[in-house]
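Trainee: any chance you can model this:
(one chain, ligands or ions: 1)
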Amino acid sequence: MKQVFRIFFTAEGTRPWAVLFCLLLAGFAEVISLSALLPTIQAIASEGTNSAGSPAVVLIHDFMSKFGIAPTLPNLVIVVVVFFALKTLLSFVALSYAGIAIAHVSTTLRRQLISALFNARWSYYTQLHAGRVANTISGDAAFAAAAYFVAAQVVAYSIQGIVYGLVAFLVDWRLALLGIGVGVVIAAALNWLVDVAKRAGYKRADRTSDLTKFITDLINNIKPLKTMNRYDKLVAQMTGILKRLRKALATREVARQGLAQGSELLIIIALGVGVYLAVTIAKVSLAELVVLGIVFFQVLSIINRLQKFLQQAAENESAYIRTEELIASAVAARETHTGTLPPTLTKECRFEDVTFAHEETPVVRNANLSIKVGSITVLQGGSGAGKTTLIDLLIGLHMPDSGKITLDGVSLADIDIKQWRRSIGYVPQELSLLHTTIRDNLTLGDTEISDDAIKLALDQAGASDFILEMPRGLDTEVGSMGAKLSGGQRQRIALARALVTKPKLLILDEVTSALDPDTEQSICENIAALRGQYTTVAITHRPAWTEVATHLYKVEKGSVTKAHLPRKAKVPTA
Ligand SMILES: Nc1ncnc2c1ncn2[C@@H]1O[C@H](COP(=O)(O)OP(=O)(O)OP(=O)(O)O)[C@@H](O)[C@H]1O
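Mentor: Numbering: from 1, shown residues only. As a prediction, this is how the structure comes out:
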């Protein structure tokens, strides 16, 4: 219940106080309308002034006399109808607004999540599961918005419940107390079903997330799994998750039905007992009995609906909480670069005694190296030696634990890191393309990149020929993660993507590992011909690269040493 109210009052951009104000006004209108009902029925039944002393009748008489309206039957009927219509209109406005705000809530949550994710530091992504993000963006955010709407309904019905309770007090306080007592007993008796639904809601959210994470992993690894026909054990694990999800859904449904049927039964019993006590013990008049009957029935059905909405809110609350948790974790992992200086690269990038550890494990130890502008610097070393980590430090994805990295003598810590990254062209080791066209993979949505720039980058990356042979050329769809292309074609498109913005620094991590020697040779020569224009750092063991390299460093267990080039760099004349 606490969470439900928190969601209603804190969901961004939903104007909870305006909604609450409308609902309170609606409640006030309903008190007037219902209070006018008692003298109206008395007048119709010609019961005279039997209940003239009832607080409800006093209230309505006072109210009407304030406005100079005589308490005649037609006037009373008008008050009942007008104020009931007013209540309906205000409730309609408040709940319609809350309904419209659903889209706003889900959009806001999604926007917050996307923004937080893209501003998080690199180490956060290494733990983040793509499936969880996909599940939250597509599913949980929508459920979370539903949680907000249901929370608004809970608030609306809570106010209505209070209003009816108040009217019951105005008619006959003893019976009102009895009715409210019965309502509380019914609510308490069935509350465990709300808890059951809440637990089922959390299980549903977690199992759905597990399922999405699992299936995302399987699809990403589908080729080896299918090739080796080894997916059956993993699919069996997924069946386990499906079973648990089905159980959570079944529990939720049983709890829902139990609540619906159970509360109906208890309401009928309570009404029967209430009418009997009202007639035999309290000896209320017919008019009072009718009004109390209406009020009781309404109070009990409000409790019924309130519990139903509370149950729904409890089910959906899990999605809201999980979405908030993911946003909070991404916000907590926000990159904390404070540098503001514009990056320049006219002389060199330097590593000065740089040390870095992943968690507790040292990966880079007192590294010193210099990447001269216009050079082709090759890093070589065994697997796990720390080459990619050195590059990640240069990009600013990690910050050194000690020592510093400088650009033209200025510490990277003082440089505007986003601007620095805008001047880097990067081809990662594990490359994967976006599921769109070749053109979109090159421009990455930047409409200012011209077709001429694209053509030049493709030529430099040795990708023009095979694209020209494709019937749809640049508009060819590359498939999921680029699966419709060969490994070498993907590498060349990734290289063209890095070159298309004419970066200051070109970082190539095993960029030609999937290419035949001739294609690799021609790419190396292209890069060598561009030596004056680009500063290139390449992680590679391929001889074609050492032939064009101007500097060579060996990386072993995180230590960097300068090495001699096997032979003088062969630099073709441009
Ligand atoms: N995010 C991380 N968290 C913890 N340890 C990591 C992380 N990334 C890399 N490592 C560890 O750091 C070490 C260096 O990894 P790195 O990727 O820099 O090696 P590499 O020289 O590029 O290897 P390869 O040639 O195989 O790609 C490895 O032992 C690796 O397990």
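Trainee: and the strands in the protein?
Mentor: Assigned by DSSP state E, the strands in the chain fall at 348-358, 361-372, 376-381, 402-407, 410-411, 424-427, 505-509, 535-539, 551-556, 559-563.
Trainee: contacting residues around the shortest one?
Mentor: The contact list for strand 410-411 (CB atoms under 8 Å, 6 or more residues apart in numbering) reads 339, 341, 343-344, 404-405. Where you see a C-beta, it was placed from the backbone N, CA and C, and this is true even at glycine.
Trainee: and of those, the nearest to A151?
Mentor: For the contacts of strand 410-411, the residue nearest A151 by CB to CB is G339; the value is 42.6 Å.
Trainee: surely the closest one touches Q419?
Mentor: No - with contact defined as CB atoms under 8 Å, G339 does not reach Q419; the gap is 9.2 Å.
Trainee: these two - which one has more neighbours?
Mentor: G339 (18 against 13; other CB atoms under 10 Å).
Trainee: for the more buried one, give its distance to the ligand.
Mentor: Distance, G339 to the ligand, using CB to the nearest ligand atom, to the nearest Å: 23 Å.
Trainee: quick one: pLDDT of that residue?
Mentor: Note on G339: pLDDT of 88.
Trainee: show me which residues of the stretch 301-450 of the chain are close to the ligand?
Mentor: Contact residues (CB under 6 Å from any ligand atom) of the stretch 301-450 of the chain with the ligand: 358-359, 363, 381, 383-389, 429.
Trainee: now those residues in JSON lines, please, with extra columns for distance to L86 and pLDDT.
Mentor: Output for these, formatted as JSON lines (distance: CB to CB, whole Å; pLDDT from 0 to 100):
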{"residue": "H358", "distance to L86": "65", "pLDDT": "88"}
{"residue": "E359", "distance to L86": "63", "pLDDT": "82"}
{"residue": "V363", "distance to L86": "70", "pLDDT": "92"}
{"residue": "G381", "distance to L86": "78", "pLDDT": "89"}
{"residue": "S383", "distance to L86": "75", "pLDDT": "87"}
{"residue": "G384", "distance to L86": "73", "pLDDT": "89"}
{"residue": "A385", "distance to L86": "76", "pLDDT": "90"}
{"residue": "G386", "distance to L86": "73", "pLDDT": "92"}
{"residue": "K387", "distance to L86": "73", "pLDDT": "93"}
{"residue": "T388", "distance to L86": "68", "pLDDT": "92"}
{"residue": "T389", "distance to L86": "68", "pLDDT": "94"}
{"residue": "Q429", "distance to L86": "68", "pLDDT": "81"}
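Trainee: please check the residues you listed and keep the buried ones.
Mentor: Buried residues within these, counting neighbours by 16 or more other CB atoms under 10 Å: 363, 381, 385-389.
Trainee: what two of those have the greatest distance between them?
Mentor: V363 and G381 (11.8 Å).
Trainee: can you flag which of the residues of the stretch 301-450 of the chain next to the ligand belong to helices?
Mentor: With DSSP state H as the criterion, helices contain 387-389 from among these.
Trainee: of the residues you listed, closest to Y553?
Mentor: Nearest to Y553 among those is K387, at 9.1 Å by CB to CB.
Trainee: rewinding a little: any idea which of the contacts of strand 410-411 is closest to the ligand?
Mentor: Set against the ligand, the nearest of these by CB to the nearest ligand atom is I405 (15.3 Å).
Trainee: residues of this protein that sit close to the ligand?
Mentor: So far as CB under 6 Å from any ligand atom goes, the chain lies against the ligand at 126, 358-359, 363, 381, 383-389, 429.
Trainee: let's go with 5 Å and repeat that
Mentor: Selection of the chain residues close to the ligand by CB under 5 Å from any ligand atom yields 126, 358, 363, 383-389.
Trainee: quick one: neighbours of the residue of the stretch 201-350 of the chain found nearest the ligand, just the number.
Mentor: Relative to the ligand, the nearest point of the stretch 201-350 of the chain is A333 (12.9 Å; CB to the nearest ligand atom). Neighbour count of A333, defined by other CB under 10 Å: 19.
Trainee: go on, L468?
Mentor: L468 has 10 neighbours, counted by other CB under 10 Å.
Trainee: show me how this structure divides into domains.
Mentor: Per automatic domain parsing, the structural domains of the chain span 2-332, 348-563.
Trainee: could you tell me the least trusted of those?
Mentor: Ranked by mean pLDDT, the domains of the chain end with domain 2-332 at the bottom, a mean of 82.
Trainee: can you put the buried ones among the residues of the stretch 301-450 of the chain next to the ligand in CSV and add distance to A151?
Mentor: Converted to CSV, these look like this (distance: CB to CB, whole Å):
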residue, distance to A151
V363, 47
G381, 56
A385, 54
G386, 51
K387, 52
T388, 47
T389, 46
